[in-house]
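A.B. asks: Output the structure for:
(one chain, ligands or ions: 1)
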Amino acid sequence: MTTIDLPLLPLGKGRDLTSERGVECPGDLPAASDPDLVARARAAKEALGERVFVLGHHYQRDEVIEFADVTGDSFKLARDAAGRPDAEFIVFCGVHFMAESADILTADSQKVILPDLAAGCSMADMARLGQVEDAWDAMADAGVQDSIVPVTYMNSSADIKAFCGRNGGVVCTSSNADAALEWAFEQKPDAKILFFPDQHLGRNTAVLKMGLSLDDCVVWDPLQPGGGLTAEELQSARMILWKGHCSVHGRFSPDVIDELRAKHEDIHILVHPECTHEVVLKADLVGSTEFIIKTIEAAEPGTTWAIGTELNLVKRLADAHPDKNIVFLDRNVCYCSTMNRIDLPHFVWAMESLVAGQVVNQITVDDETERHALVALQRMLDLPGKSHRD
Ligand code: SF4
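C.D. replies: Residues are numbered from 1 along each chain as shown. Reported below is the predicted structural model:
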């Protein structure tokens, strides 16, 4: 088994060539206390004009969202970037796998920039290509590989998407995971699905949307020999869930839902499907970030909502809808720490570098990986009747 754990490096320090995390910023960052940061960001954006297109993921800080030309979830943003072929620079305020997706979908002449290379995604890092290839080999040994269709969540590295493209699989978002599973089950007689990296999205979709039972699902632990599963367990499973999770959405707990319901009789609980199965079972509504935003926009004034997703988005929704009572579904503050790596100093540094003619922190996906990843992405785009938002 060639599984390698990520070294524990303080974010932004040292160098880890196998991950986007823990890479030192190669330039001189402006001080966070610089009172001119906002003016500097505005000036750089103005100087670059139509040459730059700034993408802001829903979970980004307000100070960065202020400069985004468009906001959205990762797949929407990558497609928005593809729709602006005139923009020479795509500055992606999000995390590494998102910038990779933008590079895959945009023209070769466009350069995708991630203002801080330490902005990775802990969930994407939980499924590394070497680990997935080990698992694939072990599934061949167990005699089940021929019946497996791999399905990866958008929140995965480009090489994992390429693995799916090479092996008859597909990419999905949290909006179309059910359509992707339905498609995958139709690909082979007695098909099984290997779903990564988020076990919760896989389980919630399989059980709550596809009518499978919890007993149909097994969890592949990449840190255990043979995934911690016997050949018989693999043979009888229909869903093989990779043991990965989102460190933000995994925090929400059913206890807090009980507490909130005891306090507010009419509260509506609205959560993302990356939350655990127990939380999703207790929620009133479950859906992607776009679904969460639309639900709150359509909600009646005076209604009360507890939202289980990243705090920057929940705070912005609360500010934008003062006529509704919106609370965060956790007792503690809970931001995505890697998303929050993109702050105003990094944004200003990246933008001013571009103004000075220096392309920094460019994210590129090699041609071979891009070709196979596009196959899996195209299969997703061909899924019937679904939007493609995460
Ligand atoms: S919120 Fe979760 S899935 Fe999204 S970037 Fe952060 S760790 Fe990754």
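A.B. asks: How many residues are close by the closest residue to residue 164 other than its chain neighbours?
C.D. replies: Distances taken as C-beta to C-beta, 6 or more residues apart in numbering place residue 376 nearest to residue 164, at 4.1 Å, with adjacent residues excluded. Every residue, glycine included, has its C-beta placed from N, CA and C. Other residues lying near residue 376 total 25 when counted by other C-beta atoms under 10 Å.
A.B. asks: so which strand or helix has residue 376?
C.D. replies: Element membership for residue 376 (DSSP states H and E) is helix 367-381.
A.B. asks: helices or strands next to that helix in the packing?
C.D. replies: helix 96-105, helix 158-166, strand 170-172 (3 or more C-beta pairs under 8 Å, 6 or more residues apart in numbering; DSSP states H and E).
A.B. asks: Show the average pLDDT along the second one.
C.D. replies: What it means is helix 158-166. Here helix 158-166 scores 97 as its mean pLDDT.
A.B. asks: In that helix, which residues are buried?
C.D. replies: Within helix 158-166, the residues that count as buried by 16 or more other C-beta atoms under 10 Å are 158-166.
A.B. asks: if I look at the residue of the stretch 51-200 of the chain found nearest the ligand, how far off is residue 360?
C.D. replies: Nearest residue of the stretch 51-200 of the chain to the ligand (C-beta to the nearest ligand atom) works out as residue 121 at 3.3 Å. Distance, residue 121 to residue 360, using C-beta to C-beta, to the nearest Å: 21 Å.
A.B. asks: Write out the residues of the stretch 51-200 of the chain neighbouring the ligand.
C.D. replies: Applying C-beta under 6 Å from any ligand atom, one finds that the stretch 51-200 of the chain approaches the ligand through 59, 95, 121-123, 155.
A.B. asks: List the residues that contact the nearest residue to residue 277 once chain neighbours are set aside.
C.D. replies: Among residues not flanking residue 277 along the chain, residue 203 sits closest, at 5.3 Å (C-beta to C-beta, 6+ apart). The neighbours of residue 203, taking C-beta atoms under 8 Å, 6 or more residues apart in numbering as the test, are 214, 217, 239, 241, 277.
A.B. asks: again, 7 Å this time
C.D. replies: By C-beta atoms under 7 Å, 6 or more residues apart in numbering, the contact set of residue 203 is 217, 241, 277.
A.B. asks: The second one bridge partners, please.
C.D. replies: Read it as residue 241. Beta bridges link residue 241 to residue 195, residue 219, judged by DSSP bridges.
A.B. asks: mind checking how far it is from the ligand?
C.D. replies: 16 Å (C-beta to the nearest ligand atom, to the nearest Å).
A.B. asks: pretty sure residue 297 is in a helix, no?
C.D. replies: Yes. Counting by DSSP: H, G, I helix; E, B strand; the rest coil, residue 297 is located in a helix.
A.B. asks: Burial check on it, number of neighbours?
C.D. replies: Around residue 297 there are 11 other residues, counting by other C-beta under 10 Å.
A.B. asks: host element of the most centrally placed residue in the chain?
C.D. replies: For the chain, residue 155 is the residue whose C-alpha lies nearest the centre (C-alpha atoms, centre = their mean; 3.5 Å). Per DSSP H and E: residue 155 is located in neither a helix nor a strand.
A.B. asks: For it, which residues are in contact?
C.D. replies: 97, 121, 123-124, 197-198.
A.B. asks: same deal with residue 382?
C.D. replies: The contact partners of residue 382, by C-beta under 7 Å, 6+ apart, come to none.
A.B. asks: Next, find the distance separating it from the ligand.
C.D. replies: According to C-beta to the nearest ligand atom, residue 382 stands 25 Å off from the ligand.
A.B. asks: ditto for residue 348
C.D. replies: On the measure of C-beta to the nearest ligand atom, residue 348 and the ligand end up 22 Å apart.
A.B. asks: pLDDT score for that residue?
C.D. replies: With respect to pLDDT, residue 348 has a value of 97.
A.B. asks: Which residue ranges of the stretch 151-300 of the chain form strands?
C.D. replies: Ranges of strands in the stretch 151-300 of the chain, per DSSP state E, counting those that start in this stretch, are 170-172, 192-196, 217-220, 239-242, 268-271, 285-286.
A.B. asks: and among these, the most buried is which?
C.D. replies: Greatest average neighbour count among those goes to strand 170-172 (a mean of 30), per mean count of other C-beta atoms under 10 Å.
A.B. asks: Give me the contact list for that one.
C.D. replies: Residues outside strand 170-172 that contact it (C-beta under 7 Å, 6+ apart): 151-154, 161, 164, 180, 183-184, 376-377, 379-380.
A.B. asks: Just give me how far that strand sits from the chain centre.
C.D. replies: Its chain's average C-alpha position is 13 Å from that of strand 170-172, according to C-alpha atoms, centre = their mean, to the nearest Å.
A.B. asks: Relative to residue 256, how far out is whichever residue of the stretch 251-390 of the chain sits closest to the ligand?
C.D. replies: Residue nearest to the ligand within the stretch 251-390 of the chain: residue 336 (3.3 Å; C-beta to the nearest ligand atom). Distance, residue 336 to residue 256, using C-beta to C-beta: 19 Å.
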